[in-house]
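Trainee: Here you go, sequence then predicted model.
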Protein chains: 2
Amino acid sequence: MPLPETEIPGRLQAELMSRGLRMTRQRRTILSVVETAKQHLDASQLLRRARRLDPQIDRVTVYRTLGLLKRHGLIDELDLMHMQGEKHFYERRPQRDHIHMACLRCGKITEFESDLFDRLKGQIQRDCRFHIVVTRLEVGGYCAQCRTTDQPKD
Amino acid sequence: MPLPETEIPGRLQAELMSRGLRMTRQRRTILSVVETAKQHLDASQLLRRARRLDPQIDRVTVYRTLGLLKRHGLIDELDLMHMQGEKHFYERRPQRDHIHMACLRCGKITEFESDLFDRLKGQIQRDCRFHIVVTRLEVGGYCAQCRTTDQPKD
DNA sequence: TTAGGTGCAAATAGTTTGCCAGGAA
DNA sequence: TTCCTGGCAAACTATTTGCACCTAA
């Protein structure tokens, strides 16, 4: 029983190779980390995980590979409301855009797809005659648990 | 003929004083710059303008005052898709949230209010049981001029 | 073979912190 | 008078650049 297409490992690799880019050992490693990540990772988390697979990998190579993926529109860069400093987080670009909700109390990140969001993007393209390349909707606030609890966090 | 309420200078000052905060010469200067800005300014632009009014003002004071205004929800922090490095831009928190569209070619920032956006926020609060404090919707793409032109920028 | 990629060191950008003197309430 | 605030210097975090060596195609 095959995995759904979005979970086939190596998809990012295939995308980059089909664009004529060189596939190095380091890139393969970093791409596999990005692809298998279950949460949003920042550059230093990404480096740490890549080094578990290949201890030689340099921080700079991570940044350069992230830049490459960004330029090719294969990953999206998130700020997650700058709750943890000014670092950026990365995720594979999804088929359908989603919203990121960041709880200001517990720090949990929730994703949400919405038909209204899709329609809003359509309205922007039409009414503003603006050709959308990338969107980022981040919402800060309090999640269901935190807004109904008075107990201190943790 | 009085100005519309949103344009009365000193409104931010009044807000901070009503919260019992000390009003210093430096804060008054920085607040007046924030209030009269016609575009989105970053910290260093803000500093430059504040120094025209009071050459003594320190960069650190600008950051501390921006932090204060953020904590009190009186200004919003924007990334504007990180088109010009990692700096942040600031604007007075509007009555009604709006979308920021950033043209990836000419750099122009356009604002857009939308009923669909208001409804989307309502949906998030309801469906996700998430209490929204702040939202940021930034869109990168090509504006009407740039997407219909082949001439190089500038 | 060779253009493109990598690692290392250093530089840069933006922002924050420590500390003491100064001024608003 | 009493904290809160400001200025200066230094630290810090995240990221980028320069350059010589390396390697995928």
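Mentor: Looks like it came in fine.
Trainee: Can you list phi and psi of the residue nearest the centre of chain A for me?
Mentor: In chain A, the centroid-proximal residue (CA atoms, centre = their mean) is A:Glu91; its distance is 1.7 Å. Per-residue torsions, A:Glu91: phi -150, psi 150 (degrees, to the nearest 10).
Trainee: and chain A, which of its residues are near DNA strand D?
Mentor: A:17, A:22-25, A:42-44, A:59-60, A:63-64, A:67, A:84-88 (CB under 7 Å from any atom of the strand). For every residue, glycine as well, the C-beta is placed using N, CA and C.
Trainee: following the helix or strand where A:Ser32 lies, which helix or strand shows up next?
Mentor: In this structure, A:Ser32 sits in helix A:25-36 according to DSSP states H and E. Sequence-wise, the next helix or strand downstream of helix A:25-36 (DSSP H and E) is strand A:41-42.
Trainee: That next one - what's its average pLDDT?
Mentor: Across strand A:41-42, the average pLDDT comes to 98.
Trainee: now stretch A:144-154
Mentor: Stretch A:144-154 shows a mean pLDDT of 68.
Trainee: Kindly report the same for stretch A:123-141.
Mentor: Averaged across stretch A:123-141, the pLDDT comes to 98.
Trainee: List the buried residues for the helix or strand hosting A:Val139?
Mentor: A:Val139 is located in strand A:131-142, with elements delineated by DSSP H and E. By 16 or more other CB atoms under 10 Å in any protein chain shown, the buried positions in strand A:131-142 come out as A:His131, A:Ile132, A:Val134, A:Thr135, A:Arg136, A:Leu137, A:Glu138, A:Val139, A:Gly140, A:Gly141, A:Tyr142.
Trainee: Same check on stretch A:75-87?
Mentor: A:Ile75, A:Asp76, A:Glu77, A:Leu78, A:Asp79, A:Leu80, A:Met81, A:His82.
Trainee: Which ones among these map onto strands?
Mentor: Those of these mapping onto strands are A:Ile75, A:Asp76, A:Glu77, A:Leu78, per DSSP state E.
Trainee: which non-adjacent residue is nearest the third one?
Mentor: Read that as A:Glu77. A:His88 (5.0 Å; CB to CB, 6 or more residues apart in numbering or on different chains).
Trainee: Ramachandran angles for the residue nearest to A:Glu113 when sequence neighbours are not counted?
Mentor: Distances taken as CB to CB, 6+ apart place A:His98 nearest to A:Glu113, at 4.7 Å, with adjacent residues excluded. Backbone torsions of A:His98, given as degrees, to the nearest 10, read phi -140, psi 170.
Trainee: what's A:His98 in contact with, if anything?
Mentor: Residues near A:His98 by CB atoms under 8 Å, 6 or more residues apart in numbering or on different chains: A:Glu111, A:Phe112, A:Glu113, A:Ser114, A:Phe117.
Trainee: Could you tell me which of those residues count as buried?
Mentor: A:Phe112, A:Ser114, A:Phe117.
Trainee: With distance to A:Leu31 and pLDDT as new columns, can the residues you listed be given to me in CSV?
Mentor: Formatted as CSV, those follow (distance: CB to CB, whole Å; pLDDT from 0 to 100):
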residue, distance to A:Leu31, pLDDT
A:Phe112, 27, 98
A:Ser114, 30, 98
A:Phe117, 28, 98
